[in-house]
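Enquirer: predicted model and sequence below, questions to follow.
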Amino acid sequence: PVRILIDTDPGIDDALAILLALASPEVQVEGISVVFGNCAVDQGVRNALAVLDLVHAPQIPVARGMERPLVQPLLLAPETHGDTGLGYARLPEPTRQPDPRHGMDLIIETARSAPGEITLVALGPLTNLAMALRREPRLVHWLRRVIIMGGAIRHQGNTTPLAEFNVYCDPHAAHIVYHSGLPITLVPLDVTYQVVLKPEHVNYLLSFESPVAQFIADATRFYMEFHDAYQQIEGCVINDPLALAVAFAPDLVGTEAHFVDVDISGGVSMGKTFADFYRMTGKSSNMEVALTVDHARFINLFVERMAYLCRS
Ligand code: BDR
Ligand code: CA
């Protein structure tokens, strides 16, 4: 299996991505580092542990990471993910403690112990990864690949008209990561907005009458209300599960190599990600950008794997 580390701000779609990883035999989860974002970092740590408990997952280390961005003021997303980060779901308090290490140290140590083997799947603001790169520059050579959910290339933003949430939360961290030399695959809103979980998918899962199905229903009901109220979308966009799936099924998306950068100049386009499609900068590509997606195949895969968890 592909050995992955998940860096996350759980978060409704982050929780779904963690569940997808646990339901997928093609990946082995080596650890979870948590960052502020959809909710405060301590809440995110509790959420990650509680989601692992929900499916009786093995003792995967969960480490608390950065609680605020490098430069920008703290921004959270209770209107999108609810006050606890998991919508209307209420999970029991976790049964175990987080890993004592800092999130960035979990990333560094896991990568150092298996150079060239670990894929990092980053599903929140990139603060933990940027800090880890500053602390241990050799991380660039130790990680096999980094798959990043973030950015809006041709698509409009979801936090400002131009900027996507994960990048907008900490654009300076994104800048460090994009310019680091890491082998990156970017999964931006351009593709994630094509993967929409619908009420009928959730109703199918509810037919299994399992606590996992109830959790998915309670969490996504809040997320669907947000999408309906703010974006006139029926259902909810499951950004993070798509990025997670790219770790083990890269052909779900079509990618192109481009030079991609982020605006950190502080004006109206702060946090905007852009690709040099016409090669005007003279800079060579720094990542693979997903621009097309087989959305039907992904939604089928996602729903079937959630059904598997509901049946187990
Ligand atoms: C990203 O922002 C968060 O709200 C989601 O969890 C996802 O990672 C989408 O812009
Ligand atoms: Ca996220």
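Expert: Noted; the coordinates are in hand. Ligands and ions are numbered 1, 2, ... in the order given.
Enquirer: tell me where the stretch 51-200 of the chain has helices.
Expert: Counting by DSSP state H, counting those that start in this stretch, the stretch 51-200 of the chain has helices at residues 78-81, 103-113, 127-135, 139-142, 165-169, 171-178, 189-192, 199-206.
Enquirer: highest mean neighbour count out of these?
Expert: Counting by mean count of other CB atoms under 10 Å, helix 165-169 has the highest mean neighbour count of those, with a mean of 28. In short, each C-beta sits where N, CA and C put it, glycine included.
Enquirer: that one close to ligand 2?
Expert: No - for helix 165-169, no contact with ligand 2 is found by CB under 5 Å from the ion; the gap never falls below 6.3 Å.
Enquirer: tell me what that helix is packed against?
Expert: Using 3 or more CB pairs under 8 Å, 6 or more residues apart in numbering; DSSP states H and E, no helix or strand is in contact with helix 165-169.
Enquirer: anything in it near ligand 1?
Expert: Yes - using CB under 6 Å from any ligand atom, helix 165-169 comes into contact with ligand 1 via 165-166.
Enquirer: show me the contact partners of that helix.
Expert: Helix 165-169 has contacts (CB atoms under 8 Å, 6 or more residues apart in numbering) with 9, 36-37, 69, 72, 75, 77, 80, 123-127, 148-151, 157-160, 174, 262, 270-273.
Enquirer: of those residues, which belong to strands?
Expert: Using DSSP state E, the subset of these located in strands is 148-149, 262, 273.
Enquirer: okay, these in TSV with pLDDT next?
Expert: What follows is those, written out as TSV (pLDDT from 0 to 100):
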residue	pLDDT
Ile148	99
Met149	98
Val262	98
Thr273	98
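Enquirer: report the contact partners of Val41.
Expert: Applying CB under 8 Å, 6+ apart, we find Val41 in contact with 9, 34-35, 64-67.
Enquirer: from the ones in strands among the contacts of helix 165-169, pick the one nearest Phe298.
Expert: Nearest to Phe298, judged by CB to CB, of the ones in strands among the contacts of helix 165-169 is Met149 at 13.3 Å.
Enquirer: can you count the residues close to the closest one?
Expert: Residues lying near Met149 (other CB atoms under 10 Å) number 29.
Enquirer: and the contacts of Val41, which is closest to ligand 2?
Expert: Of all the contacts of Val41, ligand 2 sits closest to Asp9, with 4.9 Å by CB to the ion.
Enquirer: grab the nearest non-local neighbour of that closest one.
Expert: Leaving aside its sequence neighbours, Asp9 sits nearest to Gly37 (CB to CB, 6 or more residues apart in numbering; 2.8 Å).
Enquirer: of the contacts of Val41, keep whichever come out buried.
Expert: Among the contacts of Val41, those scoring as buried are 9, 34-35, 64-66 (criterion: 16 or more other CB atoms under 10 Å).
Enquirer: next up, the contacts around Phe274.
Expert: Residues counted as contacts of Phe274 (CB under 8 Å, 6+ apart) are 153, 260-263.
Enquirer: got JSON lines for those residues, with neighbour count too?
Expert: Shown next, in JSON lines, are the contacts of Phe274 (neighbours: other CB atoms under 10 Å):
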{"residue": "Ile153", "neighbour count": "21"}
{"residue": "Val260", "neighbour count": "22"}
{"residue": "Asp261", "neighbour count": "18"}
{"residue": "Val262", "neighbour count": "26"}
{"residue": "Asp263", "neighbour count": "19"}
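Enquirer: which one of the residues you listed sits closest to Leu197?
Expert: Comparing those against Leu197 with CB to CB places Ile153 closest, at 22.6 Å.
Enquirer: gap between the closest one and ligand 2?
Expert: Remark: distance between Ile153 and ligand 2 (CB to the ion, to the nearest Å) = 18 Å.
Enquirer: same check on Leu19?
Expert: 14 Å.
Enquirer: next: Pro58.
Expert: According to CB to the ion, Pro58 stands 23 Å off from ligand 2.
Enquirer: residues from the stretch 51-200 of the chain in reach of ligand 2?
Expert: Contacts of the stretch 51-200 of the chain with ligand 2, taken as CB under 5 Å from the ion, map to 123-124.
Enquirer: what does the residue of the stretch 151-300 of the chain found nearest ligand 2 show for phi and psi?
Expert: Nearest residue of the stretch 151-300 of the chain to ligand 2: Asp240, at 4.8 Å (CB to the ion). The phi/psi pair for Asp240 (degrees, to the nearest 10) reads phi -70, psi -40.
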